[in-house]
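S.K.: any chance you can model this:
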Amino acid sequence: MKGIIIILLFLAYPAFCQTIYQSHEVEKVAEPNGGAGLLNQFLVSNVQVPFKSTIRGVKGKVYVKGIVETDGTITGLEIVRGIDSLCNSEAIRVLALYKSWQPALLKNQKVRQSIVYPVTFIAPPRQGFDSTKSNLIGYYNDQYITENNVAAYKYRSVMPVNEDGNIKGDILFEELKNKNWKQIFTVPFQRTELWYKVSDEPGIDSVNCYQLSAQDDVRQIHYVPVSTFQTNGKLLAYTEYGAQGKPTLKKDYYLSGVLKEMKVFGDSSSTDIRYYANGQIKSIVENPVNAIEHTNEKNIINTWDADGRQYVKDGNGWGKLVKKQYTGQILVEEGQVASGVRDGKWTGKKADSTLFYEEIYEKGILKEGVAFVNGEKVNYQEKIRQPNFKGGEKAFYSFIGQNIKYPPNAARDGIKGRVFLSFVVCEDGSLCDYKILKGVRSDLDREALRVVQKMSGKWEAGELRGQKVRVKYNLPINFQF
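M.R.: The predicted model follows:
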């Protein structure tokens, strides 16, 4: 008889786990880790409003039904009430990415529960879309300021886009003359195939992708955001630019499509918001303009763990930061945060819990530090010391000016532009790993590379926690008449 009872119990357990309960049938309902506010912030940051839905404008909510599983994921997503097919698909996509739920409890056991959650879509009607030719058209007055009054039209831009609203061809700029639009100049469209270096992706160093852009390198004008996509079409990186080519918004994504990091740039600071791969928010940090010059520290506003538990709130609490070092090793840093900055003792440990450093801070200022390297102690007063060209910045620009030679053929042909290079300042002050990131013409590219190579040995190496390290530099070299 006992054997029969045991068998029945084992048969009943899977049935209990597979049952889908409603909210009124459980003792503790399923909810997002950290509360609905964190999930809503995730949705706002991750929703990509479909381009075709923005043409006529959209404002509403898509209600999605799903099952919160016992492992904190959500499955079986379907539309309860939608807006249109594109918004409906996007709502399911983005909600499926969020894998940080507290499952429902019944009799102290995790159980599956059905939920319905709204995903909000808001976008004003898109102006200037020509559906016959799939062009986005912008109108401007005689000062090149955006204009909505037809009588004041003087110039316009015509940008061809694909069905997702991404640029697909050269941008034409035209001037209105005698009631006809006449082309005055063209901004070339660029589709670049490249390998994109990623982090926080186990076993993956870089992925094949393509980048869309349209820019004037000489004037430092980006006419569209620079967007990088995986070959499967998932957005991998996105950067908007303002005046003088300075970024105003930058987003990076995990390969799954979850937003990894968002940086919002202001005049005096930037805000950095990071997420875990499961969609849970990780941290909100502010970067003051003077951070590198004075303290090398950021203002830590809020931090959470991957399960939504908050450790630093409004700049106060116990900070725990997990970051990847330049060597690729994981470093776990912990210590007290007061008024947004490190205060007191902070420690850094490697992934295997080996102590790497101990540092003492006073209101965000590093007072002393010691690193443990190969069994030895290395003392330091500066955490980061950037590489320096011997003689300083003035000597650096003087060296470039005295050594650059405009290639005669380029000068004769009227060729000018900016060559973007990268190089590494090695531990002994020599340079290595030279790369042309973006060239102008072969003779200008060669000349820029020649001058940079000539700087080898004229640098003082950078240091991190008392150790000399390799530091990568990006450098633009202008060729102007």
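S.K.: the helices in the stretch 251-400 of the chain, which residues?
M.R.: 393-403 (DSSP state H, counting those that start in this stretch).
S.K.: report all helices and strands that the longest strand anywhere in the chain contacts.
M.R.: Selection of the longest strand in the chain by residue count, based on DSSP state E, yields strand 109-123. The elements that strand 109-123 packs onto, with contact taken as 3 or more C-beta pairs under 8 Å, 6 or more residues apart in numbering; DSSP states H and E, are helix 2-18, strand 20-21, helix 36-46, helix 51-55, strand 58-68, helix 85-97, strand 104-106. To be clear about C-beta, it is placed using only N, CA and C from the backbone, and glycine gets the same treatment.
S.K.: how about a cut-off of 6 Å?
M.R.: Applying 3 or more C-beta pairs under 6 Å, 6 or more residues apart in numbering; DSSP states H and E, one finds that strand 109-123 makes contact with strand 20-21, strand 58-68.
S.K.: E359: which of those is closest?
M.R.: strand 58-68 (41.7 Å; C-beta to C-beta).
S.K.: between the closest one and helix 85-97, how many degrees?
M.R.: In this structure, strand 58-68 runs at an angle of 40 degrees to helix 85-97, with axes from the mean of the first three to the mean of the last three C-alpha atoms, to 10 degrees as the basis.
S.K.: in its sheet, what does strand 58-68 sit against?
M.R.: Taking DSSP bridges as the criterion, strand 58-68 sits next to strand 74-81 (antiparallel), strand 109-123 (antiparallel) in its sheet.
S.K.: just the CA coordinates of the shortest one, formatted as PDB?
M.R.: Backbone C-alpha positions of strand 74-81 (Å, rounded to 0.1, in the frame of the first residue of the first chain) are rendered in PDB as follows:
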ATOM      1  CA  ILE A  74       8.100  34.100 -19.300                       C
ATOM      2  CA  THR A  75       6.700  31.900 -22.000                       C
ATOM      3  CA  GLY A  76       3.600  31.400 -24.100                       C
ATOM      4  CA  LEU A  77       3.300  35.000 -25.100                       C
ATOM      5  CA  GLU A  78       0.200  36.100 -27.000                       C
ATOM      6  CA  ILE A  79      -1.700  39.200 -27.700                       C
ATOM      7  CA  VAL A  80      -4.900  39.900 -25.700                       C
ATOM      8  CA  ARG A  81      -5.500  43.400 -27.100                       C
END
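S.K.: so which bits of it are buried?
M.R.: By 16 or more other C-beta atoms under 10 Å, the buried positions in strand 74-81 come out as I74, I79.
S.K.: ok, and what's touching that strand?
M.R.: Taking contacts as C-beta atoms under 6 Å, 6 or more residues apart in numbering, the residues outside strand 74-81 that touch it are Y63, V64, K65, G66, I67, V68, E69, N88, I92, A96, V116.
S.K.: widest-spaced pair of the residues you listed?
M.R.: When the contacts of strand 74-81 are compared pair by pair using C-beta to C-beta, the farthest-apart members prove to be E69 and N88, with a separation of 22.1 Å.
S.K.: quick revisit: okay, the contacts of strand 74-81 in JSON lines with neighbour count, pLDDT and distance to K133 next?
M.R.: What follows is those, written out as JSON lines (neighbours: other C-beta atoms under 10 Å; pLDDT from 0 to 100; distance: C-beta to C-beta, whole Å):
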{"residue": "Y63", "neighbour count": "15", "pLDDT": "98", "distance to K133": "36"}
{"residue": "V64", "neighbour count": "23", "pLDDT": "98", "distance to K133": "35"}
{"residue": "K65", "neighbour count": "14", "pLDDT": "98", "distance to K133": "40"}
{"residue": "G66", "neighbour count": "22", "pLDDT": "98", "distance to K133": "40"}
{"residue": "I67", "neighbour count": "16", "pLDDT": "98", "distance to K133": "45"}
{"residue": "V68", "neighbour count": "27", "pLDDT": "98", "distance to K133": "46"}
{"residue": "E69", "neighbour count": "20", "pLDDT": "97", "distance to K133": "47"}
{"residue": "N88", "neighbour count": "20", "pLDDT": "98", "distance to K133": "28"}
{"residue": "I92", "neighbour count": "17", "pLDDT": "98", "distance to K133": "32"}
{"residue": "A96", "neighbour count": "17", "pLDDT": "97", "distance to K133": "35"}
{"residue": "V116", "neighbour count": "11", "pLDDT": "97", "distance to K133": "41"}
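S.K.: and of the helices and strands packed on strand 109-123, who's closest to K383?
M.R.: For those, distance to K383 was read as C-beta to C-beta. The smallest value, 43.0 Å, belongs to strand 58-68.
S.K.: what's the closest non-adjacent residue to S430?
M.R.: Once its chain neighbours are removed from consideration, S430 has its nearest residue in S456; the separation is 5.0 Å (C-beta to C-beta, 6 or more residues apart in numbering).
S.K.: name the SS class of the one you found, please.
M.R.: coil (DSSP: H, G, I helix; E, B strand; the rest coil).
S.K.: that one - how many residues pack around it?
M.R.: The local packing count at S456 equals 15, with neighbours defined by other C-beta atoms under 10 Å.
S.K.: cross-check the contact I'm expecting between it and D433.
M.R.: No. Look at S456 against D433 with C-beta atoms under 6 Å: they stay out of range, at 11.4 Å.
S.K.: let me see the domain layout of this protein.
M.R.: 2-123, 129-187, 273-381, 388-479 (automatic domain parsing).
S.K.: shaky segments in the stretch 1-150 of the chain?
M.R.: 1-17 (pLDDT under 70).
S.K.: for the closest residue to Q336 other than its chain neighbours, name its beta-bridge partners.
M.R.: Spatially, and ignoring its direct neighbours in sequence, Q336 is nearest to G344 (4.5 Å; C-beta to C-beta, 6+ apart). Taking DSSP bridges as the rule, G344 bridges to Y361.
S.K.: what's the pLDDT at G344?
M.R.: For G344, the model assigns a pLDDT of 96.
S.K.: how many neighbours does Q41 have?
M.R.: Under the criterion other C-beta under 10 Å, the count of neighbours that Q41 has is 15.
S.K.: name the nearest residue to it, sequence neighbours excluded.
M.R.: Closest residue to Q41 in three dimensions, ignoring its sequence neighbours and counting by C-beta to C-beta, 6+ apart: I281, at 6.4 Å.
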